[in-house]
Structures are given as C-alpha cells and as structure tokens.
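# take this sequence and fold it.
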Amino acid sequence: MQSASDSLFDEAYYKRFYFDKKTSVVDRDHMDRLGAFVCSYLQYIRVPVLRVLDMGCGIGLWRDVVATHYPQASYHGVEYSEYLCGRFGWERGSVLDYRAQAPFDLVICQGVLPYLNPADAKRAMHNLARLCTGALYVEAVAREDWERDIVDETLTDPRLFKHPAALYRRGLAEGFTELGGGLWLSRRAEVPVFALECVDSRS
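You can find the predicted model right below:
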C-alpha cells in the first residue's frame, strides 16, 4: 500500500480531527499534560533546548507548549498539508526528506508515522535521526494498541497503518536511545542517563 497522499490532509480532514470539538483527537488539557511531561523530563535530564522542529506540526498545538516551557527557544513548524501551510504559514515539507541547515535540539513527530507504509516509515525515522542531536518525541499508534482495545475507534483515523511497535523501535533505535513515554535521546547527544532511565538493547 502507498503512504497517505497530500490530498488526504485537506480542510475536511482537519475539520474532522481537529476543529470539531465533538470529533477532535486532542484537547487543550491533553496537550498541557503531554507538554509538561515532555519538557519537564528533558529539563530533568538536562537536554538543552534552543531549536525545536515540529515535523508534521498540524495546526501548531506544540507551539504554545514550547513557548511556555522554553521561552528562549525557536519553534519551527513543517507540514505536509498544502492546506495547512496556506492557512498557518508553515514551511511545506515531508518527514521523508526534509532538510535543515542545522540540526535541532528537540524534534516532535506526533501522529505522522502511522500514515506511512513500512518502507517510508523506516526512511522517515532515519531522517528524524539526521535532524535531531538532542531529543525526539514520537507519538504513533501501534498494532498492539488496536489489539488491546485501547484505541478509541470513534476518534482515530481508520486509514492509519497498523504497524507493530517493534517496527518503530527498530527504526528509531538506529539513531536514538529509548527513554520511555515516547521520548528518545539522540545517540549524538552528550547527555548521560542512568541504565534504568532508558530502554536500550545495545547497553
């Protein structure tokens, strides 16, 4: 199967999953809790954050989070949807091949990878490692989440690929150490973490 095309991410898509409160996949309380967790944990392990890349930034939910927790950091939103780029002014680009002049301290990739077929997902994760020298936050619904019936199917897009969690872990492990909670530390980051603070088969 082909990865999701740009035509999927039109005005109707964002109205259904983001703008309509009855069918939105996120809410402000959720983003506040998630942002507090991600940023506080990175502050705890002393990951310096001055440059933030939100890859697949959507309607920009992380922008306020970054401004709250990292007021000195620059936020850069990159989006595949031509509709959103026109509406919000994001830079148009794809997680598959986006390039930047310099790497980022924090890269966010929320809800993007499950729209990619296995080959493209692997390519995207390789590119995320290239873009990041600090920490990565990834959110991706895995096959096991569907099997364990913890996915709200009334809100979740049925067109997502149901990749096993192992596919994501293998792809990300090439460039990152798993910290848990969706957080990954770049193998290029000069940040020491204790053995029980990470999940790393290479340790």
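# for the chain, which spans come out with low pLDDT?
Applying pLDDT under 70 to the chain flags the ranges 201-203.
# center of it, which residue is that?
C109 (1.5 Å; C-alpha atoms, centre = their mean).
# and that residue, how far from T68?
Going from C109 to T68 by C-beta to C-beta, to the nearest Å gives 20 Å. Quick note: C-beta positions are derived from backbone N, CA and C, even for glycine.
# list the buried ones in the helix or strand encompassing R87?
Assessed by DSSP states H and E, R87 sits inside helix 82-88. Buried residues in helix 82-88, defined by neighbour count with 16 or more other C-beta atoms under 10 Å: Y83, L84, C85.
# what about that helix, distance to the chain center?
Chain-centre distance of helix 82-88: 19 Å, with C-alpha atoms, centre = their mean, to the nearest Å.
# ok so S24 is a strand residue?
No. Counting by DSSP: H, G, I helix; E, B strand; the rest coil, S24 is located in no strand; its state is coil.
# report the buried residues of the helix ranked longest in the chain.
In the chain, taking DSSP state H as the definition, the longest helix is helix 28-44. Within helix 28-44, the residues scored as buried using 16+ other C-beta under 10 Å are L34, G35, V38, C39, Y41, L42.
# if I pick the fifth one, what's in contact with it?
Right, the one you point to is Y41. By C-beta atoms under 8 Å, 6 or more residues apart in numbering, the residues touching Y41 are L179, G181, L183.
# could those be laid out in a markdown table, adding secondary structure?
What follows is the contacts of Y41, written out as a markdown table (three-state DSSP):
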| residue | secondary structure |
| --- | --- |
| L179 | strand |
| G181 | coil |
| L183 | strand |
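# let me know the closest of those to R28.
Closest approach to R28 among these (C-beta to C-beta): G181, at 19.9 Å.
# what's around that closest one, how many residues?
Neighbourhood size, G181 [other C-beta atoms under 10 Å]: 11.
# and what of Y115?
Using other C-beta under 10 Å, Y115 has 22 neighbouring residues.
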